[in-house]
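K.L.:
Only the shape, not the letters, is given here:
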DNA sequence: CAAAGTTGATAACCACAATTATCAACTTTG
DNA sequence: CAAAGTTGATAATTGTGGTTATCAACTTTG
């Protein structure tokens, strides 16, 4: 993973221009929990190259694959985060993300779990499976170990 | 599983009436691969109680959860069928379902695989996870074995 | 310090997914 | 064999999800 791809360098208007969409749309995606842009101390958003690619992927899902935003959220919620971060049984019992079926895990706070101190934006659950097409591959890998 | 719930007894118009939707809608769901009604020799559809519950679940996903039909299909396609039916590595290599990300496995024919001879309508991959809310539970169970 | 850009929030717009109506040909029912 | 129901296919309808415009208040930039 190239560190430069993760570097937050684009303002929201620049990001919108590069993506060919409007600024409000980017904010909606964030509000829905599809993306987590970096924020300056002043609360202004900054987007990295990886963020842009993530949005492009979301747009393909919406426009080409005709999957609704809520559908994407439901799909994200199926990522077995508990396995990726290897959280304990006790953590799972108290973790909202573990039991949710319509919100990605990174839209939750995770009090009293291993994720409590982690930044979701940097967590592999968020960053590794941003490309829509890779979630099933993750399942193939993880599930494969079981048999 | 009560056998009577699986018994195909309702005609399409009866099923539509019971569900409060139109006949064409039921056909659309079938065409999209969301449901597999039983068919008489004469090609007429018959629906079981389980079929109706499956449709109710689909309707909740569409109307309440706001997940599009293509979104539901994408979610279904994430069910780790290869693990449920325990198919071989060779099977996976040639199975369209294993590599699909937008069509449920039961919308494929499965030549030269363990599923070749199985009826998808009766396969647990199709029947057990019809209730939208159970797919993540399946993942929890299967993935759990891995750790 | 003025111009340009950002913030969150609300409201307006509209493309189109989801549903239904309609059709002729065919099957089932009594 | 007539009436009612089904078939697949096509076309029409409509509700609304996704997008954008607009706003006043605030921040950054040069």
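P.N.:
Received the coordinates, thanks. Keep in mind it's a predicted model, so treat the numbers as computed, not measured.
K.L.:
now residue A:34, nearest residue through space, not along the chain?
P.N.:
residue A:58 (5.5 Å; C-beta to C-beta, 6 or more residues apart in numbering or on different chains). No exception for glycine: its C-beta is placed from N, CA and C like everyone else's.
K.L.:
Is that neighbour in a helix, a strand, or coil?
P.N.:
helix (DSSP: H, G, I helix; E, B strand; the rest coil).
K.L.:
So which residues of chain A form helices?
P.N.:
For chain A, the helices defined by DSSP state H cover A:3-6, A:12-19, A:23-31, A:49-63, A:69-76, A:81-84, A:89-94, A:96-99, A:124-127, A:135-146.
K.L.:
Throw these into a markdown table and include distance to residue B:120 and mean pLDDT, thanks.
P.N.:
Output for the helices of chain A, formatted as a markdown table (distance: least, C-beta to C-beta, whole Å; pLDDT from 0 to 100):
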| stretch | distance to residue B:120 | mean pLDDT |
| --- | --- | --- |
| helix A:3-6 | 42 | 82 |
| helix A:12-19 | 40 | 97 |
| helix A:23-31 | 36 | 98 |
| helix A:49-63 | 26 | 97 |
| helix A:69-76 | 22 | 97 |
| helix A:81-84 | 28 | 95 |
| helix A:89-94 | 32 | 96 |
| helix A:96-99 | 30 | 96 |
| helix A:124-127 | 32 | 94 |
| helix A:135-146 | 19 | 84 |
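K.L.:
would CSV of those with distance to DNA strand C be doable?
P.N.:
Below are these laid out as CSV (distance: least, C-beta to the nearest atom of the strand, whole Å):
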stretch, distance to DNA strand C
helix A:3-6, 18
helix A:12-19, 3
helix A:23-31, 5
helix A:49-63, 8
helix A:69-76, 8
helix A:81-84, 25
helix A:89-94, 28
helix A:96-99, 21
helix A:124-127, 19
helix A:135-146, 20
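K.L.:
Reformat those as JSON lines; add distance to residue B:65.
P.N.:
Below are the helices of chain A laid out as JSON lines (distance: least, C-beta to C-beta, whole Å):
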{"stretch": "helix A:3-6", "distance to residue B:65": "33"}
{"stretch": "helix A:12-19", "distance to residue B:65": "27"}
{"stretch": "helix A:23-31", "distance to residue B:65": "18"}
{"stretch": "helix A:49-63", "distance to residue B:65": "16"}
{"stretch": "helix A:69-76", "distance to residue B:65": "6"}
{"stretch": "helix A:81-84", "distance to residue B:65": "20"}
{"stretch": "helix A:89-94", "distance to residue B:65": "23"}
{"stretch": "helix A:96-99", "distance to residue B:65": "16"}
{"stretch": "helix A:124-127", "distance to residue B:65": "22"}
{"stretch": "helix A:135-146", "distance to residue B:65": "18"}
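K.L.:
Next up, the contacts around the residue nearest to residue A:34.
P.N.:
Residue A:58 is in contact with A:29, A:34-35, A:72, A:132, counting by C-beta atoms under 8 Å, 6 or more residues apart in numbering or on different chains.
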